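> No letters, just coordinates:
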C-alpha cells in the first residue's frame with residue numbers, strides 16, 4: 001500500500017519553518033508500517049528546497065526512508081504526471097476531524113479499516129480512549145441537535 005504522510009503537524013508539531021517536537025508515536029508507527037508491514041511511504045509536504053531536505057534528513061535519522069518525496073514515484077520529473085498523488089491513504093493533520101492518534105492510525109491500517117469517516121465507532125468498537133473532538137465536529141453536532149428541536 002502507498003501511504004502519503006504530511007510532515008508539519010503530522011510527524012512533528014507545527015513549528016514551520018523549524019522542525020517541531022516529534023508527535024508521540026509518529027516515527028514508531030511509520031517505521032513499523034515501512035519495515036514490518038512493507039508499505040511504501042511518500043512524504044507529502046509543502047516544504048521545498050532546504051526546508052524539505054531538513055525534513056527528509058530528520059526522518060532518515062529516525063529510521064524512515066521515503067519511497068518518494070512530493071511525487072508519485074522516485075523517478076517522476078516535474079510535468080510527468082498530475083500534481084495529485086496517487087496514494088492509497090493520506091495521513092495529514094488537516095483531515096476533517098484532525099489527526100487521529102497514531103495508535104489508532106496504525107491499528108486501522110493493520111485491520112484494513114481505512115475509512116475514518118466513522119472514527120468514533122472504530123474507537124469505541126476497539127475499546128480505545130477517545131481524543132477530544134475538534135471545534136468543527138462539536139459545531140456540527142450542536143447544529144444537528146438544534147435541527148432536531150426545530
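Structure's in. What do you need? Because the structure is predicted, anything quoted here is derived from the model rather than measured.

> Can you name the residues bridging to the residue most central in space within the chain?
Most central in the chain under Cα atoms, centre = their mean is residue 91, positioned 1.9 Å from the mean C-alpha point. Counting by DSSP bridges, residue 91 forms beta bridges with residue 5.

> Show the contacting residues for it.
If you count contacts by Cβ atoms under 8 Å, 6 or more residues apart in numbering, residue 91 has them with 3-6, 10, 99, 105. Glycine gets a C-beta too; all of them are placed from N, C-alpha and C.

> run the last query once more with 10 Å
Listed by Cβ atoms under 10 Å, 6 or more residues apart in numbering, the contact partners of residue 91 are 3-6, 10-11, 26, 29-30, 33, 41, 44, 99-100, 102, 105, 109, 116.

> Derive a PyMOL selection command for the buried subset of the residues you listed.
What follows is the PyMOL syntax selecting those of those that are buried according to 16 or more other Cβ atoms under 10 Å:
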select buried, resi 3+4+5+6+10+11+26+29+30+33+41+44+99+100+102+105+109+116
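
> So which of the contacts of residue 91 belong to helices?
Members of the contacts of residue 91 lying in helices (criterion: DSSP state H): 26, 29-30, 33, 102, 105, 109.

> Among those, which one lies nearest to residue 63?
Within those, proximity to residue 63 (Cβ to Cβ) peaks at residue 30, which comes in at 8.5 Å.

> Make sure that closest one is actually in contact with residue 60.
No: taking contacts as Cβ atoms under 10 Å, residue 30 lies outside contact range of residue 60: 11.8 Å.

> Please enumerate the shared neighbours of the two.
residue 66.

> remind me which residues of this protein are low pLDDT?
For the chain, the stretches flagged by pLDDT under 70 are 73-83, 113-142, 150.

> in it, which spans are strands?
Along the chain, the segments classed as strands by DSSP state E run 2-5, 40-43, 68-69, 89-91.

> for those, which one sits closest to residue 18?
Nearest of these to residue 18, taken as Cβ to Cβ: strand 40-43 at 17.2 Å.
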